[in-house]
Structures are given as C-alpha cells and as structure tokens.
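1. Build me a model from this:
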Amino acid sequence: MELTWEVVFCLGVAILIHILIFVFVMGKRSKSILDRHVVVTGGSKGIGLCLAVECAMKGANVTVIARDEKMLEGAVALMEVVRQRPEQKFQYRSLDISGDYEEVARVLGELEKSVGDIYALINCAGMAICGLFEEVAVADVHKLMNVNFFGSYNCTRYVLPKMKKAGDGIIVLTSSLAAMFGIYGYGPYSASKYALRAMAETIAMESRVHGVSVTLALPCDTNTPGFEEEEKSKPRETKIISGGGGLIEPEVMARAILKDALKGNFISTVGAESWLMTMLGGALIPWDGFFTNLLHSIVIGPMRLFSYGLHKYFNSVIRKCAKEDRASKALKAEELK
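-> Purely as a prediction, here's the structure:
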C-alpha cells in the first residue's frame, strides 16, 4: 500500500509539473516571420519541403536551397499554392552547400540582395548511410560529414554574425535522435549528427545574449525519400532496433520544428518516446524553462533503469541476429558438402 501511494504521489507531481510547463514554457509567445526572409536548405523534399511550405503559409518570403533544380521548381510551385500575400517572394537556388564556404557565402549574399536579409535559417539538408562501422566506405563517411555537418556549418557561419549585429534571428539545425546515443549500424551517421548537436549547443550559448535563438531539431524516423534511401543500407539489427517507434509524417515533424523555432525553444522533438530518449541522452542539453528541468530532476533517476533495460534489449537483438547468421552460414556450409 505504501508503494502504491508513492507511485500515486509521483504521478500527481508529474501531472502538476506538466501543467506548469504548459503555462510557463509552452505559453511563450511565438516570433513572427511575416514578410521575413527564411532560407530552408534541403527544401526540395521531405521535412525541408514541408518546412518551406509551413513558412510560406505564415507569410514569409522563402528561399529553398538544394541541388536538384527540377525538384526545387516543384517546391516553389507548391509554395505558390499556399501563398498568403500577393507580395510574397518565393525563390530557389541550386547549390552544393557542403562545398566551398566562399561560394556558399557569395550565393547567400546574392539571395539577400533580391529578397532581403536572412531572418531565419533552417538547416535541413542531410543524408544517411548505414552499415557496420568498418564496412562503410571511407568516401561515404566524408560525404556524410560534408553534407550533414559542413553544409549546415557553411550556411550558419555566414548568417550568424549578421544576425548578432541585427540583434535578432533564428537558426535551426536539424540533427537526429541518433545524436543522443550511438546505435548499431549508425556509426558515421551518428557521428555527423553528434557534431551538429555540439555546434547547436555552442552557438546557442554564444548567441543568446545577442538576441539570436537556436533550435536543435531531433527528428525520429520520418516518412521521407531520405528515409527510404536510408532503409537500403540499414543492417537487419538496425531496422529492428529503430523500427519500434514507427514513422512520423514529415508534415507533422515540420510543424513541430517551426513551432519550437518560433517560440525560441532549443530542443524540438515529436512524441513521448523522442522526448524520453532526448532527456536520457542529453543531461547537459540546455532545456528551456525551470519547470521542464524540475520534471527532469524528478524522473531522470528512475529512468536510468529504463535506459539500462533498453540497452539490454538492443544487445539481445544484436546477439539474436548474430546467432541466426551463424546458423544460416552453418546450414549453407552443410548444403555445400
């Protein structure tokens, strides 16, 4: 009976804290991007395209950047469908943002001349290549770092000093839940997303005093063309481990990211599972709001046991798959005799 009352008490405290979070944190006023210039990298498909459309629906002037010109034209056409004001400006630019910084800076400068200073930069360009650490080609690892990290670095490097000088601005860095802890089959990919997480935390600490807000988006598996491509290289173990959470639609993820960015929240996740993984994997992440951190202080201790169990489950999946692989190889060897 005593344990039951303790559980009831803890649940009551958790509910109360959630209410306080809603009142004091979720109730923060959103910034407006009406008539502001928003640049979305990776804006031709997936979450990036949905973010571009969401920004257009909020009255922003939107520039989408990617490499495929035909898909970029389609993105602009889609924004035209949701146009809110006759004077809104939509444009695209085909650019490899992972390349030379000087070229990226030159192009962004040209875009600002035609549409205005960049008020919000949403870094959404990225890719995933999965596989056992030693089996991923070295060239692919460099490609992952170039696209996932240096692409965001180059664009952010250009806008950050200008935003600091203006005393206002929004930067979104799209990382992944894989940045919270290493997962079987995600080695180099996780490393590239860890780098984005570290960059976001550093920039947020350096820039908050200058009026620039930074949001670290941590999407879970999302139903995008990129995810379909990712599935092709995923080991069986990775599919089992990551498959339990289901798929989020890109429109849902985009709305959540933009909402958090406009409210100035540092972390953006969707769903209880993602929130839990982020809380467990990032104790030093600067979560917004006193009551959010109070909630973490109450639940994170017991949740360490959950974390232990989760890793036990991951390891059991890996052992089971390894056992099945050995049995399959032994059977084939017998058949060849």
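
2. Next up, the contacts around V317.
-> The contact partners of V317, taken as Cβ atoms under 8 Å, 6 or more residues apart in numbering, are E237, I240, I241. Every C-beta, even on glycine, is put in place using the N, C-alpha and C of the backbone.

3. how many other residues sit next to the first one?
-> To tie it back to what came earlier, the one meant is E237. Counted with other Cβ atoms under 10 Å, residues neighbouring E237 total 20.

4. Show me the longest helix that occurs in this protein.
-> Taking DSSP state H as the criterion, the chain has its longest helix at helix 290-336.

5. Rounded mean pLDDT for that one, please.
-> For helix 290-336, mean pLDDT is 76.

6. Same check on stretch 52-63?
-> Stretch 52-63 comes out at a mean pLDDT of 97.

7. same question, stretch 86-99
-> 95.

8. Bridged to the residue lying closest to E69 once chain neighbours are set aside, which residues?
-> Distances taken as Cβ to Cβ, 6 or more residues apart in numbering put S94 closest to E69, at 4.6 Å, once the chain neighbours are dropped. Beta bridges link S94 to A66, judged by DSSP bridges.

9. Just give me the neighbour total for S94.
-> 15.

10. P161 too?
-> 12.

11. and it, what is it in contact with?
-> If you count contacts by Cβ under 8 Å, 6+ apart, P161 has none.

12. Please report phi then psi for L51.
-> Per-residue torsions, L51: phi -70, psi -40 (degrees, to the nearest 10).

13. Could you measure from the residue nearest to E69 over to V107?
-> Using Cβ to Cβ, to the nearest Å, S94 is found at 10 Å from V107.

14. ok, Y153 touching M199?
-> Yes: between Y153 and M199 there is a contact under Cβ atoms under 8 Å: 6.8 Å.

15. helices and strands of the protein: which one has the lowest mean pLDDT?
-> Here the helix or strand of the chain ranked lowest by mean pLDDT, DSSP states H and E is helix 2-21, holding a mean of 57.

16. can you give me the helices for the stretch 151-300 of the chain?
-> Here the stretch 151-300 of the chain has its helices, by DSSP state H, counting those that start in this stretch, at 151-166, 187-207, 225-233, 236-243, 250-263, 272-281, 290-336.

17. wait, what's in contact with K263?
-> The neighbours of K263, taking Cβ under 8 Å, 6+ apart as the test, are M26, K28, R29, S30, K31.

18. rerun at 7 Å
-> K263 is in contact with K28, S30, counting by Cβ atoms under 7 Å, 6 or more residues apart in numbering.

19. Which residue comes closest to D68 once chain neighbours are left out?
-> Using Cβ to Cβ, 6+ apart and skipping the chain neighbours, the partner closest in space to D68 is S44 (5.7 Å).

20. Doesn't that neighbour lie inside a helix?
-> No: using DSSP: H, G, I helix; E, B strand; the rest coil, the assignment for S44 is coil, not a helix.

21. So it versus M253, what's the distance?
-> According to Cβ to Cβ, S44 and M253 sit 16 Å apart.

22. thinking again about what came up before, neighbours of the residue nearest to D68, just the number please.
-> When neighbours are counted by other Cβ under 10 Å, S44 registers 27.

23. Can you pull the phi/psi pair for it?
-> For S44, the backbone dihedrals are phi -90, psi -10 (criterion: degrees, to the nearest 10).

24. hang on, it packs against A75?
-> Yes: using Cβ atoms under 7 Å, S44 makes contact with A75 at a distance of 5.0 Å.
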